[in-house]
Every structure is written in C-alpha cells, then in structure tokens.
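S.K.: Please work out how this folds:
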Amino acid sequence: MIAHYLQFYCVLSKDQRKTVFTEAKIDSARLGFVVIVYGTCPPGYAAKGLRYAWATAPCEFKQCAVYSQENGLPGPPFLWNAPELE
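M.R.: Residues are numbered from 1 along each chain as shown. Here you go, the predicted structure:
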C-alpha cells in the first residue's frame, strides 16, 4: 500500500549536502502504529529521517494516510530525524 504524504528524507552517502525526499510505503497499519518499508531511497542514498503531511495542503479531504481515532481528524504534520548510528 502506498502512503501518500509520508516521505523518507534521503541523503547521498558520499556527499551529505545532496538530499531527496521519496515516498514511503506502508507495509501494514494497526491502531496506534504503522510499519514502513525501508529502502525506498535511490541507490547511493540512505534514509536519515521521515516526514508526514509536510505541505500547506498535504492531502485531500478524507484521503490522508493517518487519522486520529479519537476525533477523526488527520494526524498532524511531523518530522523525525534518525539517530546517528556508530
């Protein structure tokens, strides 16, 4: 399943100034969490973060990838940076 508005932040391994955003794919979803397929960055790039709904109007009405079970509203935008691995 394709998760629209959910994107990986990819950094070129040889030159970290070169970055791209690619669409992330959801493997499965359950109440409270989603499992995202790793590896959607172009060759030579590594995923360094994830963002969701990072636009002025990220999705059409009732077509967002994440919704609150509490009130039915779309999930808020977020940005997550992966920790540096040693």
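S.K.: Report pLDDT for the spatially closest residue to Leu12 that is not a sequence neighbour.
M.R.: Spatially, and ignoring its direct neighbours in sequence, Leu12 is nearest to Lys18 (4.0 Å; C-beta to C-beta, 6 or more residues apart in numbering). Every C-beta, even on glycine, is put in place using the N, C-alpha and C of the backbone. pLDDT for Lys18: 94.
S.K.: Tell me, how many residues neighbour Lys18?
M.R.: Neighbour count for Lys18, taken as other C-beta atoms under 10 Å: 12.
S.K.: again, but for the one 4 residues further on
M.R.: Neighbour count for Thr22, taken as other C-beta under 10 Å: 15.
S.K.: What's the separation between it and Gly49?
M.R.: The gap separating Thr22 from Gly49 is 12 Å, by C-beta to C-beta, to the nearest Å.
S.K.: again with Ile26
M.R.: Ile26 is 17 Å from Gly49, by C-beta to C-beta.
S.K.: low pLDDT regions in the protein?
M.R.: Residue ranges of the chain with pLDDT under 70: 1-4, 39, 55-58, 85-86.
S.K.: At which residues are the strands of it located?
M.R.: In the chain, the strands defined using DSSP state E lie at 2-12, 19-30, 33-37, 45-52, 78-81.
S.K.: mind checking which of those is nearest Phe61?
M.R.: Comparing the strands of the chain against Phe61 with C-beta to C-beta, the closest turns out to be strand 2-12 (13.2 Å).
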